[in-house]
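**Q** Next comes the sequence, and after it the predicted model I'd like to discuss.
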Amino acid sequence: MTYQVIIPAAGQGKRMGAGKNKLLLELDGIPVLIHTLRVFEADDACAGIILAVHPQDESEIKALIEQYQLTKVCGFAPGGKERQDSIFNALKTVETDGIILVHDGARPFIQIEQIQLLTELAAKTGAAIIAVPAKDTMKKVKNGVVEATVDRSSLWAVQTPQAFRVSLLKEAYEKADKECFIGTDDASLVERLGQCVAIVEGDYDNIKLTTMEDLYFAEAILKKRKKEFK
Ligand SMILES: Nc1ccn([C@@H]2O[C@H](COP(=O)(O)OP(=O)(O)OP(=O)(O)O)[C@@H](O)[C@H]2O)c(=O)n1
Ligand SMILES: C[C@](O)(CO)[C@H](O)COP(=O)(O)O
């Protein structure tokens, strides 16, 4: 099932505290964003990549794409204040229907096998996301005091990619924009349409590089992956 993918790469990395776009930090000598792009570059089903980038990073990112000889980046859109704004800007450039994925540039460890499962499911259901069962107990807290313990058996930690029929995602984004709703993921906008969103169980190593500690986890995941491919 062919698809296009929007990769939001225009964040400020505030929680990482690197003083620069965390996607330009290197893992094993290669920028995080290149690690992420290479996965989609290697997937024959990927028909094109649309990058949402901050204007200040655009020329550096374009130079990296050339340096690493990536050929599937077919469009750029300006980053926005929120992740959702960046993705909306990119979504507006999508002219074909079919399946669109949204994948955080900060998640370099997604694997092609999961992308294929996800796109096939989205083609059937209209919307599908990757998630893993919650491992920690989750509690609702108010003013530093536990209000309630949430039943963990039905909780999943949501990742990306998230896959949708293009027309459905556009309808969801337009409704959210009209109603000034900001969600923390794309599926939450689609859920507001009353649309069912299917789940593909992913891997715990499909982490999002958010805080400095995640870079240590990332180095360990890379080391593990290298051993697997030997
Ligand atoms: N306005 C934004 C915010 C985020 N992102 C992208 O969305 C992904 C997930 O966002 P997050 O991990 O929150 O990145 P940052 O916003 O950079 O992190 P922080 O909240 O710590 O600043 C990242 O690939 C980031 O580059 C984006 O394109 N535009
Ligand atoms: C979309 C996401 O990666 C799903 O877990 C997450 O919500 C992004 O959150 P962020 O704060 O914008 O990184």
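**A** Perfect, thanks for sending it. Since this is a predicted model, take the numbers as computed values, not measurements. Residues are numbered from 1 along each chain as shown. Ligands and ions are numbered 1, 2, ... in the order given.
**Q** Quick one: name the residues of this structure near ligand 1.
**A** By the rule C-beta under 6 Å from any ligand atom, the part of the chain lying against ligand 1 is 8-16, 22-23, 52, 79-83, 86, 104-106, 208, 210. Where C-beta positions appear, they are placed from N, C-alpha and C, glycine not excepted.
**Q** again, 5 Å this time
**A** Where proximity means C-beta under 5 Å from any ligand atom, the interface of the chain facing ligand 1 comprises 8-15, 52, 79, 83, 86, 104-106.
**Q** Would you tell me what the next helix or strand after the longest strand along the chain is?
**A** For the chain, the strand with the greatest residue count under DSSP state E is strand 156-165. Scanning forward in sequence from strand 156-165, with DSSP states H and E defining helices and strands, the next element found is helix 166-178.
**Q** Tell me the helices and strands packed up against that next one.
**A** Secondary structure elements in contact with helix 166-178, counted by 3 or more C-beta pairs under 8 Å, 6 or more residues apart in numbering; DSSP states H and E, are helix 83-91, strand 99-102, helix 187-191.
**Q** Which residue does the chain have closest to ligand 1?
**A** Checking the chain residue by residue against ligand 1 with C-beta to the nearest ligand atom singles out residue 11 as nearest, at 2.0 Å.
**Q** same question for the longest strand of the chain, mean pLDDT?
**A** For strand 156-165, mean pLDDT rounds to 98.
**Q** Before we move on, what's the pLDDT of residue 228?
**A** 80.
**Q** Name the nearest residue to residue 117, ignoring sequence neighbours.
**A** The spatially closest residue to residue 117, leaving aside those adjacent along the chain, is residue 200, at 5.1 Å (C-beta to C-beta, 6 or more residues apart in numbering).
**Q** okay, now residue 174: neighbour count?
**A** 14 (other C-beta atoms under 10 Å).
**Q** would you list every one of the helices in this protein?
**A** Read by DSSP state H, the chain holds these helices, from start to end of the chain: 32-41, 55-67, 83-91, 112-125, 166-178, 187-191, 212-229.
**Q** Among the ones you listed, which comes closest to residue 4?
**A** Put simply, out of the helices of the chain the one that sits nearest residue 4 is helix 166-178, at 8.0 Å, with distance taken as C-beta to C-beta.
**Q** can you give me how far the closest one is from the chain middle?
**A** In terms of C-alpha atoms, centre = their mean, to the nearest Å, the centre of helix 166-178 is found 18 Å from the chain centre.
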